[in-house]
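**Q** sequence plus predicted model, see below.
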Amino acid sequence: QRSEWARAALADVHTCLEPVANDNLRLADLRSGPDGLTARIKDVEAELQNTKETAADLDDIEDELNEKLDLLEGTSMLGEFLVRVARELPRDSDLQRSAYLRNQEISKSRIEAVDLGLQRVRFDNLEETIEELQPQLKAEVPPAEHEAVLRDAKALYAQRQQLLRDLDRDYTNYLSLLRSLQLQQQQLRAKTQRVEKLVDDHLMWVQGDGLYSLEDLRYVPQAVVWMLRTDNWRRVGDDAWHALRVRPIFCVASLLLFVVLAFSRGALQRQLVSLGEQASASYLAPFSVTLKALGITFLLTWLWPSLVLGLGWCLYFSFGAAPFTRAVGRGLIVSATVYVALELTRRLLSHKGLAEAHFRWMDRRIALARGHLVWLSVSLLPILFWLGHIQWEADPQRQATLGRLLFAVAMILVAIFLHRVMRPLPVVVEGVAS
């Protein structure tokens, strides 16, 4: 209602009062807009209620667990029961993410509340505010319209005053709800960790899923179709844009790091080659040359992983993101972590790099390992992305079919790589020995 009032006032005011009307409209949208404070309060109330219900369910699970542990001890049913309990528990990574987002929201809301409090103090005395506006009205408004514009100004400032009071009251309520939710989530995490420890103490073994069957293989196309659905990826794009608007600093910082490393890559590579030539020219080269080469190698390693990890972090920790979006973020984080290890190894084995020039490993072995690292990275990283995605979504059927298949393919790729690179002796041992 106040938002409609502010829009109606903006349409009728004199030009000199448009900034005031625009500010009123901004405050009205901040309170009752689609992503306004009223909607945020409803979301937190719903999440608080859901957290309380989850905590109550967890109490029931803990009671059932304590009752059945003695009854099922030593039987084959104990493992199945404990696995079922473990699957029903909230994931600790989700609780950590919620705590992180909650702390960010509390900090942001406190800053907004302080800013609005300062504005409210400024507009507490309407008479003084109108007096400050008088010189501008005399300069811009014809005498015949002066009284009408003055009445509009008083109405707009009275509206501003009321909006600030409403927002102040709402922020007080909102911060109180956030703190209650924070406390409830801390208690929920403590309960979850307690039950997880109880499960781990008694879970000795579980029966596997059995051999991979044709029935499992038949479900793989359905799982692939689910992973590639356009509506899922459209939501990922929407959530990514929302994360960029809500938390621009981290997203822009990741992109800026990538741009800086991309523009300086050529100079860093030339410097790395120069340091390698200094080290290979003499056994008496200073150790600082190797240390500088090591630092440059680490910088070059983070070129693409920084972009992938930044995108994954923004998607996974995006407030209000869809489960599919968060699974995509999780997959990117997993693949970026492995990408760092593979890229660091490849950079260590680069031409005139640490392995060749500073450690003096065999050139033939270095070239062999470097070539195989390229195809391993290209083939393994997409598989790890989907594995991280499937693992986070925790859909039992997709994990048992597509997840197991991708894991087997990943292990085969790693085995082929190790077989080709490590024969007849491990690269490190043979290189050092020679």
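**A** Yes, it's here.

**Q** CA atoms for contacts and neighbours, from now on please.
**A** Fine.

**Q** give me the residue ranges of the stretch 1-150 of the chain where confidence is low.
**A** By pLDDT under 70, the low-scoring segments of the stretch 1-150 of the chain are 1-17, 72-76, 126, 128-134, 136-141, 145-146.

**Q** for it, what spans make up the helices?
**A** 2-12, 18-32, 37-72, 77-88, 92-122, 126-140, 146-202 (DSSP state H, counting those that start in this stretch).

**Q** so who does the closest residue in space to residue 32 that isn't next to it in sequence touch?
**A** For residue 32, ignoring the flanking residues on the chain, the nearest one in space by CA to CA, 6 or more residues apart in numbering is residue 38 at 5.6 Å. For residue 38, the contact set (CA atoms under 8 Å, 6 or more residues apart in numbering) comprises 31, 32, 170.

**Q** wait, the first one touches residue 167, no?
**A** Yes: look at residue 31 against residue 167 with CA atoms under 8 Å: they come within range, at 6.5 Å.

**Q** returning to what we had before: quickly compare the helices of the stretch 1-150 of the chain and say which is most buried.
**A** Most buried of the helices of the stretch 1-150 of the chain by mean neighbour count (mean count of other CA atoms under 10 Å) is helix 18-32; its value is a mean of 19.

**Q** determine the set of other helices and strands touching that one.
**A** helix 2-12, helix 37-72, helix 146-202 (3 or more CA pairs under 8 Å, 6 or more residues apart in numbering; DSSP states H and E).

**Q** among the ones you listed, which is nearest residue 242?
**A** Closest to residue 242 of those, according to CA to CA: helix 37-72, at 15.0 Å.

**Q** that closest one vs helix 18-32, what angle?
**A** 20 degrees (axes from the mean of the first three to the mean of the last three CA atoms, to 10 degrees).

**Q** and the angle for helix 37-72 with helix 146-202?
**A** 10 degrees.

**Q** tell me the angle helix 37-72 makes with helix 77-88.
**A** Using the same axes, to 10 degrees: helix 37-72 against helix 77-88 is 170 degrees.

**Q** so how far is residue 48 from the closest residue to residue 334 other than its chain neighbours?
**A** Residue nearest to residue 334 in three dimensions, not counting chain neighbours: residue 388, with 6.0 Å by CA to CA, 6+ apart. Distance from residue 388 to residue 48, counting by CA to CA, to the nearest Å: 29 Å.

**Q** likewise residue 201?
**A** Residue 201 is 31 Å from residue 48, by CA to CA.

**Q** where do the helices sit along the stretch 301-434 of the chain?
**A** 303-316, 323-348, 363-393, 396-398, 404-421, 427-433.

**Q** neighbours around residue 144, how many?
**A** Residue 144 has 8 neighbouring residues, counting by other CA atoms under 10 Å.

**Q** poorly predicted segments of the stretch 201-350 of the chain, please.
**A** In the stretch 201-350 of the chain (pLDDT under 70), the answer is 203-210.

**Q** 50 instead, please
**A** Residue ranges of the stretch 201-350 of the chain with pLDDT under 50: none are present.

**Q** ok, back up a step: quick check: which of the helices of the stretch 301-434 of the chain is nearest to residue 192?
**A** helix 363-393 (17.6 Å).

**Q** what are the buried residues along the closest one?
**A** 365-366, 369-370, 372-373, 376-377, 380-393 (16 or more other CA atoms under 10 Å).

**Q** again, but for stretch 215-235
**A** Result for stretch 215-235 [16+ other CA under 10 Å]: buried residues 216, 220, 223, 227, 235.

**Q** farthest-separated two in those?
**A** Across the buried residues of stretch 215-235 (CA to CA), the longest gap, 28.6 Å, separates 216 and 235.

**Q** hang on, the earlier thing: okay, the helices of the stretch 301-434 of the chain in JSON lines with distance to residue 279 next?
**A** As requested, the helices of the stretch 301-434 of the chain are exported to JSON lines (distance: least, CA to CA, whole Å):
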{"stretch": "helix 303-316", "distance to residue 279": "25"}
{"stretch": "helix 323-348", "distance to residue 279": "14"}
{"stretch": "helix 363-393", "distance to residue 279": "15"}
{"stretch": "helix 396-398", "distance to residue 279": "52"}
{"stretch": "helix 404-421", "distance to residue 279": "26"}
{"stretch": "helix 427-433", "distance to residue 279": "17"}
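
**Q** what's the closest of those to residue 27?
**A** Of those, nearest to residue 27 by CA to CA is helix 303-316, at 27.7 Å.

**Q** count the residues that sit near the nearest residue to residue 293 once chain neighbours are set aside.
**A** Of all residues not flanking residue 293 in the chain, residue 272 sits nearest, at 5.7 Å (CA to CA, 6+ apart). Using other CA under 10 Å, residue 272 has 26 neighbouring residues.

**Q** so what's residue 272 up against?
**A** Residue 272 neighbours (CA under 8 Å, 6+ apart): 293, 296, 297, 352, 353.

**Q** just to revisit the earlier point, which stretch among the helices of the stretch 1-150 of the chain comes nearest residue 244?
**A** That would be helix 92-122 among the helices of the stretch 1-150 of the chain, by CA to CA, at 14.8 Å.

**Q** between that closest one and helix 303-316, how big is the angle?
**A** 70 degrees.

**Q** what packs against helix 92-122?
**A** Using 3+ CA pairs under 8 Å, 6+ apart: helix 92-122 touches helix 146-202.

**Q** report all helices and strands that the helix it packs on contacts.
**A** Short answer (3+ CA pairs under 8 Å, 6+ apart): helix 146-202 packs on helix 18-32, helix 37-72, helix 77-88, helix 92-122, helix 126-140.

**Q** with distance to residue 309 added, can I get those in JSON lines?
**A** JSON lines is the format used below for these (distance: least, CA to CA, whole Å):
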{"stretch": "helix 18-32", "distance to residue 309": "32"}
{"stretch": "helix 37-72", "distance to residue 309": "28"}
{"stretch": "helix 77-88", "distance to residue 309": "28"}
{"stretch": "helix 92-122", "distance to residue 309": "16"}
{"stretch": "helix 126-140", "distance to residue 309": "50"}
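
**Q** out of those helices, which comes closest to residue 317?
**A** Here helix 92-122 is closest among those (CA to CA), at 6.5 Å.

**Q** list the buried residues of whichever strand or helix holds residue 278.
**A** Residue 278 belongs to helix 248-281 when assigned by DSSP states H and E. Within helix 248-281, the residues that qualify as buried are 251, 254-255, 257-258, 261, 265, 268-269, 272-273, 275-276, 278-280, counting by 16+ other CA under 10 Å.
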